[in-house]
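K.L.:
All I have is the shape, not the residue letters:
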């Protein structure tokens with residue numbers, strides 16, 4: 001067994017456009033299988049229903065150009081190809097952005113408070 005049992009890939013399906021229009025989604029599924037065989041070195045590939053629905057969502061003639069997938073090697077010895085949902089990563093990114101926004105809003109308030117204090121000090125010094 002390999003050290004990594006799960007990998008994430010972006011598969012370019014641009015060559016699907018070469019085939020006849022009514023066979024493009026079928027070819028996209030076959031291209032995903034070939035990609036998985038090549039990269040995971042296992043012959044038995046199973047594609048999850050959600051991924052298949054994503055490919056067939058716009059019909060047989062217009063599958064997506066790129067697909068982000070997660071390939072997982074199961075204990076039975078086959079590769080399960082599923083959609084990659086980056087929910088965990090997207091949850092951490094907005095927190096960082098919101099912290100940056102809140103820091104930026106605090107800094108002008110601090111500067112405004114500092115500038116409000118400075119003229120008051122100058123007035124007291126001149127008296």
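P.N.:
Here it is on my side, so go on. Everything numeric here is computed off the predicted structure, so don't read it as measured data.

K.L.:
any chance you could map the strands in this structure?
P.N.:
Taking DSSP state E as the criterion, the chain contains strands spanning 6-12, 45-47, 66-73, 79-83.

K.L.:
Which strands and helices lie in contact with the third one?
P.N.:
Yep, that's strand 66-73 we're talking about. strand 6-12, helix 24-40, helix 49-56, strand 79-83 (3 or more CB pairs under 8 Å, 6 or more residues apart in numbering; DSSP states H and E). Using the backbone N, CA and C atoms, a C-beta is placed for each residue, glycine as well.

K.L.:
List the neighbouring strands of that strand plus their orientation.
P.N.:
In the sheet, strand 66-73 lines up against strand 6-12 (antiparallel), strand 79-83 (antiparallel) (DSSP bridges).

K.L.:
For residue 34, which of the ones you listed is the nearest?
P.N.:
Evaluated with CB to CB, the strands paired with strand 66-73 place strand 6-12 nearest to residue 34, the distance being 9.8 Å.

K.L.:
residues making contact with that closest one?
P.N.:
Strand 6-12 is contacted from outside by 31-32, 35, 39-40, 65-73, 84, using CB atoms under 8 Å, 6 or more residues apart in numbering.

K.L.:
Could I get the strands of the chain in CSV, plus columns for distance to residue 54 and mean neighbour count?
P.N.:
Converted to CSV, the strands of the chain look like this (distance: least, CB to CB, whole Å; neighbours: other CB atoms under 10 Å):
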stretch, distance to residue 54, mean neighbour count
strand 6-12, 12, 13
strand 45-47, 10, 16
strand 66-73, 7, 18
strand 79-83, 6, 19
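
K.L.:
out of these, which comes closest to residue 55?
P.N.:
Nearest to residue 55, of all the strands of the chain, is strand 66-73, at 7.1 Å by CB to CB.

K.L.:
report the angle between the axes of that closest one and helix 49-56?
P.N.:
Per axes from the mean of the first three to the mean of the last three CA atoms, to 10 degrees, the angle that strand 66-73 makes with helix 49-56 is 160 degrees.

K.L.:
just the angle between strand 66-73 and helix 24-40, please?
P.N.:
Interaxial angle of strand 66-73 relative to helix 24-40 (the same axes, to 10 degrees): 50 degrees.

K.L.:
related to what we said a few turns ago, could I get the strands paired with strand 66-73 in a markdown table, plus columns for distance to residue 45 and mean pLDDT?
P.N.:
Output for the strands paired with strand 66-73, formatted as a markdown table (distance: least, CB to CB, whole Å; pLDDT from 0 to 100):
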| stretch | distance to residue 45 | mean pLDDT |
| --- | --- | --- |
| strand 6-12 | 13 | 96 |
| strand 79-83 | 5 | 96 |
